[in-house]
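>>> my questions are about this predicted structure, shown below with the sequence.
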Amino acid sequence: MNRLLLLVEGATEEEFVNSVLREHLWTFDVDTSATQVCTRRIDGRRVHRGGGKNYDSIRDDLLRLLGSRPDAVSTMLDYYALPTNFPGRADVPAPPAPNRVAHLERAFGQDISDRRFIPNLIVHEFEALLFTAPEQLKPLFTKPTDRTHLDKLLASVASPEEINDGEQTAPSKRVLSWIPDYQKAFHGPAILKQVGLARIRVQCPHFDAWVATLERLGSRKAA
């Protein structure tokens, strides 16, 4: 069994890993566990987790995880609202977003500089994955008219990963505007567990490529 450690943005991503991704990767001989980014330590102890707003915290956590000698380490961090000191931010290319994300992931990998590290950013953020199953979202809407807005949005993009990173139009902002009672760590993973990993992967190519890379870790030792 190969050991994979994932550094994730917060409680939502951690629950998704535990309730959805871990079981899938287990079938590929990959044992997966998630750790939230630590944003504050006192006397070496983690006292505040989640958020990932400073790259120094992310880098420090990754080096600690790599130091525990796993087979691989990867990340589940949002492209939306990346820290200003994130590698590659200074010379990020023009849109589309996949080009930007690829550039940032390369710079990320070069900065960590460990063959076991698999850099990954979610395009544009975790909540984009929820748009793969609008029928799961619509019953939670407070205003029926917003269901039409969702249909129009999905008709305008080829993939939920194309939903942008504006301050008011990022996936999480849209979800919260339609579902004020939305609780990220509860509703998000619960909805995606019902949707199923296969359906998410069909509609989200960058996410699909990352999962495929993690699946291949199962044969890495034998290679």
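Ah, there it is.
>>> can we go C-alpha only for contacts and neighbour counts from here?
OK.
>>> mean confidence score for the host helix or strand of Gly109?
Using DSSP states H and E, Gly109 maps to helix 97-112. Mean pLDDT, computed over helix 97-112, is 96.
>>> give me the distance between Gly218 and Leu140.
According to Cα to Cα, to the nearest Å, Gly218 stands 38 Å off from Leu140.
>>> between these two, who's got more neighbours?
Legend: neighbour count by other Cα atoms under 10 Å for Gly218 and Leu140, higher for Gly218 (22 against 16).
>>> neighbours of the closest residue to Ile122 other than its chain neighbours, how many?
Distance criterion Cα to Cα, 6 or more residues apart in numbering; nearest residue to Ile122, sequence neighbours excluded, is Asp78 at 4.8 Å. Number of residues near Asp78 (other Cα under 10 Å) recorded here: 20.
>>> do I have it right that Asp78 meets Glu127?
No. Using Cα atoms under 8 Å, Asp78 makes no contact with Glu127, being 9.5 Å away.
>>> SS state for the residue lying closest to Ala170 once chain neighbours are set aside?
Counting by Cα to Cα, 6+ apart, Asn164 is the residue found nearest to Ala170 once chain neighbours are left out, at 5.3 Å. Recorded secondary structure, Asn164: coil (DSSP: H, G, I helix; E, B strand; the rest coil).
>>> does Asn164 touch Ile122 like I think?
No. With contact defined as Cα under 8 Å, Asn164 does not reach Ile122; the gap is 11.9 Å.
>>> lowest-scoring secondary structure element of the protein by mean pLDDT?
In the chain, no helix or strand scores lower on mean pLDDT, DSSP states H and E than strand 45-49, which sits at a mean of 46.
>>> before I go, just wanted to say thanks for your time.
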